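J.: Predicted model and sequence follow; I will ask about them next.
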Amino acid sequence: CYVENLSERFGLENKDFELPEDVRLMLSVWTPPDVPEHVLPVLYKYYLVNRKNPGAWVVLPVKNFDAYFATSSFSKVWLSRLPKERIVRETSYGVCRYKIN
C-alpha cells in the first residue's frame, strides 16, 4: 500500500515535515471545494505520526483540531464533509477514531 511506504520516505518522529508532492496533490484532489486546502494535509500528517502500524486506527482529538484551526468549523463543518471513502471514521462513547485508505 502506498501509505505504508510513506514512513520510509521521511522521519515520522519529527511532526514538522513536508509531505511529498504526489501526496499533496492526492490530498488536494480529495479535498472538497468547501473545505480549506490545509485541513486534509494536517489531518494526514497527524495520522502518519500517530498510527501504530499501517492501516491502524488513530484517535482523532476533535477539540484539539478545533483549537489548532482556531475555529469550531473543523468538527461542526469540515469533518462531516471529508470524503468518507478515504477518511474512515467511527465514534463510540464520545471517542472519534479514524484511518486513511
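T.: All right, it came through fine.

J.: Tell me which other helices or strands the helix ranked longest in the chain touches.
T.: The longest helix of the chain (DSSP state H) is helix 39-50. Judged by 3 or more Cβ pairs under 8 Å, 6 or more residues apart in numbering; DSSP states H and E, helix 39-50 is in contact with helix 2-9, helix 21-30, strand 58-59, helix 62-68, strand 95-100. The way it works is simple: take the backbone N, C-alpha and C, and place the C-beta from them, glycine included.

J.: For Arg81, find the nearest of the ones you listed.
T.: helix 21-30 (11.1 Å; Cβ to Cβ).

J.: So which elements touch that closest one?
T.: helix 39-50.

J.: buried set for the helix it packs on?
T.: Val39, Leu40, Pro41, Leu43, Tyr44, Lys45, Tyr46, Tyr47, Leu48 (16 or more other Cβ atoms under 10 Å).

J.: out of these, who's nearest Thr91?
T.: Of the buried residues of helix 39-50, the one sitting nearest to Thr91 (Cβ to Cβ) turns out to be Leu43, at 15.6 Å.

J.: what sits against that closest one?
T.: Leu60, Phe65, Leu82, Ile87, Tyr98 (Cβ atoms under 8 Å, 6 or more residues apart in numbering).

J.: wait, isn't the last one in contact with Tyr47?
T.: Yes - Tyr98 is within contact range of Tyr47, at 7.1 Å (criterion: Cβ atoms under 8 Å).

J.: if we can go back for a sec, could you dump the helices and strands packed on helix 39-50 to TSV with mean pLDDT and mean neighbour count?
T.: Shown next, in TSV, are these (pLDDT from 0 to 100; neighbours: other Cβ atoms under 10 Å):
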stretch	mean pLDDT	mean neighbour count
helix 2-9	46	12
helix 21-30	94	14
strand 58-59	90	14
helix 62-68	87	14
strand 95-100	89	16
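
J.: Save the ones you listed as a markdown table, and put in distance to Val77 too.
T.: Shown next, in a markdown table, are the helices and strands packed on helix 39-50 (distance: least, Cβ to Cβ, whole Å):
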| stretch | distance to Val77 |
| --- | --- |
| helix 2-9 | 26 |
| helix 21-30 | 17 |
| strand 58-59 | 21 |
| helix 62-68 | 11 |
| strand 95-100 | 15 |
